[in-house]
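*Asks:* need the 3D shape of this:
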Amino acid sequence: MTSPANVATGASRDGVVAAGHLARWLALAATPTFAIMAVLTAVLGGPADMLCAAGYGSVLSGMVPMYLLMSAFHSAAWLRLIAERRRAVGR
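*Replies:* Predicted coordinates:
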């Protein structure tokens, strides 16, 4: 079985490269998006946050901790970018 990247030639290869760049930028967009959502939810609140926080009284209940955890879990793309930049500067 061949992968789509192996089959791609010519203009199709450009499309595969462009899709890779788009996927990388989308991965970078996730962390700040969730961080902004956490700040906005903490500042503005809302009925969804009240529903989530009313349940168990845990520190991790509510929308703000959920957005912060999602931001942390999606930070791998940023850590990879920082590591690549440091390697480039060190050369």
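*Asks:* for the most centrally placed residue in the chain, which non-adjacent residue is closest in space?
*Replies:* The chain has residue 30 as the residue nearest its centroid, 2.7 Å off, counting by Cα atoms, centre = their mean. Counting by Cβ to Cβ, 6 or more residues apart in numbering, residue 30 lies nearest to residue 74, which is 3.9 Å off, once chain neighbours are set aside. (C-beta placed from N, C-alpha, C; glycine too.)
*Asks:* neighbours of that neighbour, just the number please.
*Replies:* 18 (other Cβ atoms under 10 Å).
*Asks:* what do you get for residue 85?
*Replies:* Using other Cβ under 10 Å, residue 85 has 10 neighbouring residues.
*Asks:* over to the one 4 residues further on?
*Replies:* Burial of residue 89, expressed as a neighbour count using other Cβ under 10 Å, amounts to 7.
*Asks:* repeat that for residue 63.
*Replies:* Neighbourhood size, residue 63 [other Cβ under 10 Å]: 20.
*Asks:* I'd guessed it sits against residue 41; true?
*Replies:* Yes: contact criterion Cβ atoms under 8 Å: residue 63 and residue 41 qualify, at 4.8 Å.
*Asks:* for the protein, which segments count as helices?
*Replies:* Using DSSP state H, the helices found in the chain span residues 4-7, 11-44, 47-53, 63-73, 76-90.
*Asks:* need these in CSV with mean pLDDT, can you?
*Replies:* CSV is the format used below for these (pLDDT from 0 to 100):
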stretch, mean pLDDT
helix 4-7, 52
helix 11-44, 88
helix 47-53, 58
helix 63-73, 89
helix 76-90, 90
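*Asks:* quick revisit: can you tell me how far the residue nearest to the centre of the chain is from residue 19?
*Replies:* Residue 30 sits at a distance of 17 Å from residue 19 (criterion: Cβ to Cβ, to the nearest Å).
*Asks:* need the nearest residue in space to residue 67, chain neighbours excluded.
*Replies:* Nearest to residue 67 is residue 38, by Cβ to Cβ, 6+ apart, at 3.6 Å.
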